[in-house]
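Trainee: give me the fold of what follows.
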Amino acid sequence: MPAQAASTFDLIRAVSQGDSRAIDSAVQRVRDKVRGGRAVPIELQFLTLIGAQVLVRGGHADQARALLADLTAAGSPPPYDVIRMNPLFKGLANDPRARDMVARARTRFELLLSSAMRDQTDDFRDISISPCRICYRP
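Mentor: Numbers count the residues shown, from 1 in each chain. Have a look, this model is predicted:
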């Protein structure tokens, strides 16, 4: 198992067993790692997209919200489209306690979107289309 995924799998295991103490302990270990800056970027993504969803699905929305708040503070907010489209995250996003997380996710989404649009415009700036073929200007 990749080392980056271990904390997410521990969290999944605890939730699947339904042991409240094990869940609390797993969440605390993960949150300590995130807050301490010891989680690598791919681990942050695993926790955001998998770990938090497992917590919500297992009926631990408050712990998922706390984990997502820590992930957001660590610079890894959940993707804005996931917050708005995923039914598991929708309830979390509508909670007033998640206002900062949603705002940061939206800002990141808009930045990525504007960057992608700018790159796409740059790619096509030097292309002209004629009725017969596509010609590139020198």
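Trainee: mean confidence score for the helix or strand in which residue 68 is found?
Mentor: Take DSSP states H and E as the rule and residue 68 turns out to sit in helix 61-73. Per-residue pLDDT over helix 61-73 has a mean of 91.
Trainee: quick check: buried residues in that helix?
Mentor: Judged by neighbour count (16 or more other C-beta atoms under 10 Å), helix 61-73 contains these buried residues: 61, 63-72. The C-beta positions use only the backbone N, C-alpha and C, and glycine is treated the same way.
Trainee: give the buried residues for stretch 96-110.
Mentor: Buried residues in stretch 96-110, counted by 16+ other C-beta under 10 Å: 98, 101-102, 104-106, 108-109.
Trainee: tilt between the longest helix anywhere in the chain and helix 61-73?
Mentor: Criterion DSSP state H: the longest helix present in the chain is helix 99-124. Following axes from the mean of the first three to the mean of the last three C-alpha atoms, to 10 degrees, one obtains 50 degrees for the angle between helix 99-124 and helix 61-73.
Trainee: pLDDT of helix 99-124, averaged?
Mentor: What helix 99-124 shows for mean pLDDT is 78.
Trainee: which other helices and strands contact that helix?
Mentor: helix 61-73, helix 80-85 (3 or more C-beta pairs under 8 Å, 6 or more residues apart in numbering; DSSP states H and E).
Trainee: that older thread, so which of the buried residues of helix 61-73 comes closest to residue 22?
Mentor: Of all those, residue 63 has the smallest distance to residue 22: 12.3 Å, by C-beta to C-beta.
Trainee: okay but the closest one is in contact with residue 27, surely?
Mentor: Yes. At 4.9 Å, residue 63 and residue 27 qualify as touching, with contact defined as C-beta atoms under 8 Å.
Trainee: ok, back up a step: can the helices and strands packed on helix 99-124 go into CSV with extra columns for distance to residue 5?
Mentor: Listed next are the helices and strands packed on helix 99-124 as CSV, based on distance: least, C-beta to C-beta, whole Å:
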stretch, distance to residue 5
helix 61-73, 15
helix 80-85, 19
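Trainee: who wins for proximity to residue 115 among these?
Mentor: So among these, helix 80-85 is nearest, using C-beta to C-beta, at 14.2 Å.
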